[in-house]
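1. Build me a model from this:
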Amino acid sequence: MFCLYAEDAGLFPTNAFSDYIKGNDTGHLRRAIIDLFQVLNTPKPERDKYLEDDLAAFDYVNGGLLAEPIEIPQFTDEIRDAMIHAGEGFQWKDISPVIFGSLMEETLSHDQRRKGGMHYTTVKNIHRLIDPLFLDGLKAELKAIEDDKTLTEKKRDNRLAKFQDKLASLKFLDPACGSGNFLTETFLRLRELENQAVADRLHGQGYMELGGEESLVKVSIDQFHGLEINDFAVSVAKTALWIAEQQALDDTEAIAGQALPHLPLHDSGNIVQANALQYDWNELLPGSQCDYVMGNPPFVGRGLKTDEQVAETKTEFGPDYDGNLDYAANWFHRAATYLDGQHGEFAFVSTNSISQGLQVPPLFGTLQRMGWHIVFAHRMFGRTMDPVFAGCGQRLGWAWACNHREPPRAFGDRRAADREGSGDRGRPPSETIVGVASAGHADGSRFRQRVGRRFPH
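-> Residues are numbered from 1 along each chain as shown. Below is the predicted model of the structure:
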């Protein structure tokens, strides 16, 4: 996928990859691809000086993309034809990287998706989470700088530079990242904000890229961290982030009026293959350095968990586990433990049943006792999985969501939920999820009074 993108985006000579495929018949294509990947992984000064012209035409790209050996099976005529058609029939330069999640899901069987609780998250649903968690605040902050008529040009530039530095300082973790949709969409939106700030600073006058601390671009894919149990999904997530990085650079080039370096790729080893419940998240990113934990944990109901998943839930919750928890609840508890005593916040897409009946006390009661409160929630949505959002912020954090001066927020219109087929059936929304957040009683008395009530639909 990256090679198809690269030949359309100008990273490779036009149609270089497609022409390379066409120049090798099916019987020799496997060896030809192996040779190509080795070349892409080798800096030009280290290459064979007698390298064939069709291979020498490719630049060095590796930033980890081809660092590990890749198992390449024999090709068939059908696969070769499909690769050629993919290069000719689609403009890969304009592809949305977040679509890779949908493509990956199509490669899995129904049983694989059900057992692993894998579920593609649309861009719309990603924004239902990241907008109230941090993106709305960042947009408002930039707009306030742009609209402040009291700022001199120099002060405005300083404020914009500090805003860029803030964007570049944020660190994100998706501990069930799948194909990287949350991370990729968040990266693209942060770079979009950064490009807007850059445009405000340059006033269309262009810029001389100096690199290092003087680089025009501050936001990096190094800020984005992910855990995923499926090895193929890890590869897709890394590729999606690399393509997103290239596309964002294209937009910056248009603003700055000059070419910026695209290759080699920026090395990032922050997407790790691991079972998130059997891995210490601090090894990937210390909790003290993490600003936001987010994602879409596996959709496995309490009665559908495997024996291993039951054991993991018992380990995670200890004596608080009574058997009445969906598998996704583990990510809430782990995030709360991971960020305990720190400034971060977390939010997840989840099975709606964690907010109903018997599951409320062992999950939300435990989180409350750990010092966390709900700061926003979203009405149930979607046609099949009916997920619900619950975002949590710590009591003594730096963000507004971590104090009680402003009330928790509930999102979603019941009629809109009906239109999306969520199964709302016109029931009036319950205030329970907001009540837990706004109560603030150390003894949890109001929480206990609400246990039997349904959370928002």
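2. Going by C-alpha atoms from here, please, whenever you check contacts or count neighbours.
-> OK.
3. Low-confidence ranges, the protein, go.
-> Counting by pLDDT under 70, the chain has low-confidence residues at 63, 100-120, 204, 206-213, 267-269, 301-304, 340-342, 380-457.
4. residue boundaries of the strands in it?
-> Applying DSSP state E to the chain gives strands spanning 172-174, 224-228, 271-273, 292-295, 345-351, 372-378, 387-394, 409-411.
5. mind putting the ones you listed in TSV, mean neighbour count and distance to A82 included?
-> Putting the strands of the chain into TSV (neighbours: other C-alpha atoms under 10 Å; distance: least, C-alpha to C-alpha, whole Å) gives the following:
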stretch	mean neighbour count	distance to A82
strand 172-174	25	33
strand 224-228	25	29
strand 271-273	21	29
strand 292-295	26	33
strand 345-351	26	35
strand 372-378	25	42
strand 387-394	26	36
strand 409-411	17	44
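6. Using CSV, lay out those strands together with distance to F364.
-> What follows is the strands of the chain, written out as CSV (distance: least, C-alpha to C-alpha, whole Å):
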stretch, distance to F364
strand 172-174, 21
strand 224-228, 24
strand 271-273, 29
strand 292-295, 17
strand 345-351, 13
strand 372-378, 9
strand 387-394, 10
strand 409-411, 16
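7. Nearest to G64, out of the ones you listed?
-> strand 271-273 (11.1 Å; C-alpha to C-alpha).
8. Select, out of the strands of the chain, the one closest to D54.
-> strand 271-273 (32.5 Å).
9. if we look at the closest one, which residues are touching it?
-> H225, G226, L227, E228, I229, N230, D231, V234, A237, K238, L284 (C-alpha atoms under 8 Å, 6 or more residues apart in numbering).
10. ok, it: who's next to it in the sheet?
-> strand 224-228 (parallel) (DSSP bridges).
11. List of residues touching the strand it pairs with?
-> 171-178, 180, 183, 187, 234, 270-276, 284-285.
12. sorry, back to before: right, so of the strands of the chain, which gets closest to D25?
-> Across these, closest to D25 is strand 271-273 (C-alpha to C-alpha), at 34.8 Å.
13. And for Q368, the neighbour number?
-> Per other C-alpha atoms under 10 Å, the neighbour tally for Q368 reads 23.
14. Same check on D19?
-> The burial count for D19: 13, using other C-alpha under 10 Å.
15. nearest to T14, of the contacts of strand 271-273?
-> Proximity of the contacts of strand 271-273 to T14 was ranked by C-alpha to C-alpha; the top entry is K238 with 23.8 Å.
16. which residues does the nearest residue to the closest one once chain neighbours are set aside form a beta bridge with?
-> Closest residue to K238 apart from its sequence neighbours, by C-alpha to C-alpha, 6 or more residues apart in numbering: I271 at 6.8 Å. I271 has these beta-bridge partners by DSSP bridges: G226.
17. Tell me the spacing between I271 and T337.
-> Separation of I271 from T337 (C-alpha to C-alpha, to the nearest Å) stands at 21 Å.
18. follow-up on the earlier one: in a markdown table: the contacts of strand 271-273, plus distance to D200.
-> As requested, those are exported to a markdown table (distance: C-alpha to C-alpha, whole Å):
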| residue | distance to D200 |
| --- | --- |
| H225 | 29 |
| G226 | 32 |
| L227 | 36 |
| E228 | 38 |
| I229 | 41 |
| N230 | 41 |
| D231 | 41 |
| V234 | 36 |
| A237 | 31 |
| K238 | 31 |
| L284 | 35 |
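19. Pretty sure L170 sits against Q223.
-> Yes. Counting by C-alpha atoms under 8 Å, L170 touches Q223, with 6.7 Å between them.
20. Could you find the closest non-adjacent residue to G27?
-> F75 (7.5 Å).
21. Hmm, the one you found is touching N24, no?
-> No. At 11.2 Å, F75 and N24 do not qualify as touching, with contact defined as C-alpha under 8 Å.
22. and L170 and Q223? which has more neighbours close in?
-> For L170 versus Q223, the count of surrounding residues by other C-alpha under 10 Å is larger for Q223: 19 against 16.
23. right, and that one touches A168 too?
-> Yes. In this structure Q223 lies within contact range of A168 using C-alpha under 8 Å: 7.5 Å.
24. Any chance of the backbone angles for Q74?
-> phi -70, psi 140 (degrees, to the nearest 10).
25. i'd like the first residue to be 18 from this point on
-> Yes, from this point I'll number from 18; that puts the last item at Q91.
26. contacting residues for it?
-> L46, R47.
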